[in-house]
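Enquirer: Let me see the structure of the following:
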Amino acid sequence: MSVEFLLRTATVADIPALNELIEASVRQLQKDDYTPEQINGAVGHTLSLDTQLIADQTYFIAEATSGQPRLAGCGGWSNRKTLCGGDGAGNREMSLLDPATDAAKIRGIYVHPAWARRGLGSLILKHCETAAENAGFRRFEMGSTLTGVPLYSLKGYRECENMGLPLPNGTSLPVVRMVKDL
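Expert: Numbering: from 1, shown residues only. Down below sits the predicted model:
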């Protein structure tokens, strides 16, 4: 049976369901690349929802047209300087980017474990890139989890910098800054 996904802009009413999806995604799909301590420190902090993207209407939800759960994935892009992290990360850089000189930030792509490895991450990524391109951006940048690097590399992103993001429990989350030019 073929499953189709509908993409729509996330709203404030979606926040509780998005938080559940993100936590399930991180705890299941990131466990081969991060320690339990790193995951526990990152959930609700670095690997969590950035509600500014919802306010900016640049965060999207993928809903399955059949099957369970219906909320299959999410992700977005930003025209603000924050590279990565959720509301709790405290690394907010709210100033706006200039599409002529700056790279749009691809942000917070998560897939529910029930829908993993079916091309949904690629679909969300493409939707975000298209939306950012329609806003005038010609370059994209992200802070990728180690788990995401292989996918983003296949989609034309190149690794630029390895970073360790400090977590509230004293551990650090390794991420990779990646960029793509059109």
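
Enquirer: and the one helix or strand Pro174 maps to, what's its mean pLDDT?
Expert: Using DSSP states H and E, Pro174 maps to strand 172-181. When pLDDT is averaged over strand 172-181, the result is 98.

Enquirer: tell me the SS of Glu63?
Expert: With DSSP: H, G, I helix; E, B strand; the rest coil as the basis, Glu63 sits in strand.

Enquirer: Mind jotting down where the strands sit in the protein?
Expert: 5-9, 59-64, 71-78, 104-111, 139-145, 158-166, 172-181 (DSSP state E).

Enquirer: Now distance to Leu123 and mean neighbour count too, for those, in CSV please.
Expert: Just so you know, the C-beta spots here come from the backbone N, C-alpha and C atoms, and that holds for glycine as well. Compiled in CSV, the strands of the chain are given as follows (distance: least, C-beta to C-beta, whole Å; neighbours: other C-beta atoms under 10 Å):
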stretch, distance to Leu123, mean neighbour count
strand 5-9, 6, 14
strand 59-64, 7, 22
strand 71-78, 8, 25
strand 104-111, 10, 26
strand 139-145, 16, 22
strand 158-166, 22, 13
strand 172-181, 17, 18
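
Enquirer: of the ones you listed, which approaches Pro16 most closely?
Expert: Pro16 sits nearest to strand 71-78 of all those, at 10.6 Å, using C-beta to C-beta.

Enquirer: low-confidence ranges in this structure?
Expert: Within the chain, the ranges that satisfy pLDDT under 70 run 1-3.
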